[in-house]
Structures are given as C-alpha cells and as structure tokens.
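**Q** just the structure for this:
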Amino acid sequence: MHIGNVHIGTCGFSYEEWKGAFYPADLPSHEMLRYYSLVFSFVELDNTWYRIPNPAQLERMALLTPSDFRFSLKVHRSLTHEIDEHWQAHAAEFRTAVSALASSGRLGCVLVQLPYRFSYTLENRKYLANLLATLSDFPLVVEFRNATWYQERVFNTLRERNIGLVTIDRPDLPGLPPESAIITSDICYYRLHGRNADLWWSGDATSRYEYCYSEQEIKDRARLVRAMSNQAKTIFVAFNNHACGNAPKNAALLQSILAEQQT
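**A** Numbers count the residues shown, from 1 in each chain. Next up is the predicted model:
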C-alpha cells in the first residue's frame, strides 16, 4: 500500500528471523516476497550489493508482486566499496540486470551507497561523476556516509543531473552527514539505519543496525516524510534496522500513522 506519493518498505525482505515476527512462522521462503508485497508497496534489494543480479530473476520477482509495487536496487559493491580497474565491466553487467526490471515498469530507482571512507576528494569526485554517467539511463539516488560531501556544490550538481540525495537517519556521531531533507531530484529517498551509536563503527552488517524506533520517534519521522512529500514527486522510505524484525515493525507503524493522517 502506498500513501499518496509515499512508498514505505524495508531494506531486504528475505530474513528467516522475520518468521514469527512479521511473516507467519510456517511461511515457505519462496512465498516471502508475495506476502511482503501485500503489506508494503516497495522494497530495497540489498542482495544486489553482494551479487550482481540475474535479469531473469528480477523479472520473476516483478511478476510475484502487484503492478504498483516498486523495487530499488543497491549497486554492486564492485562499484562503491571494492572499486578496481574493471569497474566499467561490472557496471555494464549491472546495467543489463537493471534494464530487465526497468522494462517491466517496476524499477523505483538505483541506489548508489558510498562508504564512509569515500570522502570528498578530486579522485573520488571524478570516479563518482563517471559512475553516475554510466548509470544515467536509470533514476538514481546517492547516499553519502561522509559529511564532507554535504556542500552546495555537490547539491547543485545533483540537481543539474536530477539525481536524488538520500536522507539518512543514523546515530549522532562525528563525521556522519546530518539528517537533512535536501531535495535534489523528483525522487526523495529516506533510509533509516537506526541509532545504535555503540556498534556503528565496530558492528557488522546486522549488529550495526540493531535498533527499534520508539512510537514517538516514528511520529517525528512521519512529520519529516510529510514535508518531503510536498517537495518531491515520489518518496521512498526504507527501514534498514532489519535485526529482530524491527524494520517491518517500524515500517508498518509509519505507514499506519501516515494513512491515518491522510484520512
């Protein structure tokens, strides 16, 4: 269910630990996406960061979901975290897969998520410009984890290219970007990582995001999402606090709050 121009979902959907917390305990794994799409109108595919997807697999996933369901794809790690001299070949392979989903009309956007070590340097600026140009056939959003990118020169360049700047909710730690709703394209993308400051730097891909937003925190986020919805054509809200089934729990609450306020 999308609420006006707002699509709410989670980062990933195929977590076994969600059985009993979100999914029925006896739900077969191959039925997860179909069940998920009856509750939410969008999902961020994070497994595409680990492995470049198979085009046919993406087409099958699209067929399992309603016609208004949307997918975002996180770019493969060879383009953001493990860059080498073969990045253009990896980008071409990734483009082929994304094109299959885009042709079905189900692609929401492509997410380029850059690590904290990817700071604002001349070399990194040139590489990012080339990467974004290579992927320019698709709607793009960029998530910076390093605050050095938060400057007007960057925002203006993104606006010129109609590329969205990802708004992030994260722990309040030095060096991380602010939670600022800066609109640079038709798409506004909001990723909520939780606020686990103790494990942000030392945790792994699960423990770093182990956090459950309180009802008041979700209400505060709802106000921000409403403000975004008045400024951008499409809003995607992705909860990344997947541990312990917190992401679908928080996403469902936000969806409920926004739906009530719309009536």
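
**Q** and the gap between K219 and G245?
**A** 20 Å (CB to CB, to the nearest Å). (C-beta placed from N, C-alpha, C; glycine too.)

**Q** ok, A102 next?
**A** 31 Å.

**Q** repeat that for T167.
**A** 24 Å.

**Q** likewise H193?
**A** 16 Å.

**Q** same deal with E123?
**A** The gap separating E123 from G245 is 41 Å, by CB to CB.

**Q** ok, these two, which is more surrounded?
**A** Using other CB atoms under 10 Å, the more surrounded residue of E123 and G245 is G245, with 19 against 7.

**Q** contacting residues for the more buried one?
**A** 15, 17-18, 21-22 (CB atoms under 8 Å, 6 or more residues apart in numbering).

**Q** tell me which of those is nearest to I163?
**A** Y15 (29.7 Å; CB to CB).

**Q** circling back to that earlier point, could I get the contacts of G245 as TSV with neighbour count?
**A** Compiled in TSV, these are given as follows (neighbours: other CB atoms under 10 Å):
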residue	neighbour count
Y15	20
E17	13
W18	22
A21	13
F22	22
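
**Q** so what's I168 closest to, chain neighbours aside?
**A** Leaving out its chain neighbours, the residue that sits closest to I168 by CB to CB, 6 or more residues apart in numbering is R191, at 5.2 Å.

**Q** what's the local residue count around the one you found?
**A** Around R191 there are 21 residues (other CB under 10 Å).

**Q** that one sits in which helix or strand?
**A** Here R191 sits within strand 187-192, counting by DSSP states H and E.

**Q** for that strand, the averaged confidence score.
**A** Strand 187-192 carries an average pLDDT of 97.

**Q** packing partners of it?
**A** strand 107-113, strand 140-143, strand 164-165, strand 167-169, helix 215-229, strand 234-239 (3 or more CB pairs under 8 Å, 6 or more residues apart in numbering; DSSP states H and E).

**Q** make CSV out of these and add mean neighbour count, distance to L199 and mean pLDDT.
**A** As requested, the helices and strands packed on strand 187-192 are exported to CSV (neighbours: other CB atoms under 10 Å; distance: least, CB to CB, whole Å; pLDDT from 0 to 100):
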stretch, mean neighbour count, distance to L199, mean pLDDT
strand 107-113, 23, 19, 98
strand 140-143, 23, 19, 98
strand 164-165, 26, 26, 97
strand 167-169, 22, 16, 96
helix 215-229, 16, 18, 95
strand 234-239, 27, 17, 98
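
**Q** the helices in the chain, which residues?
**A** 32-37, 47-50, 55-63, 87-103, 122-134, 152-161, 215-229, 246-262 (DSSP state H).

**Q** pull the contacting residues for T65.
**A** Applying CB under 8 Å, 6+ apart, the residues near T65 are 33-34, 37, 106.

**Q** try it again at 6 Å.
**A** S37 (CB atoms under 6 Å, 6 or more residues apart in numbering).
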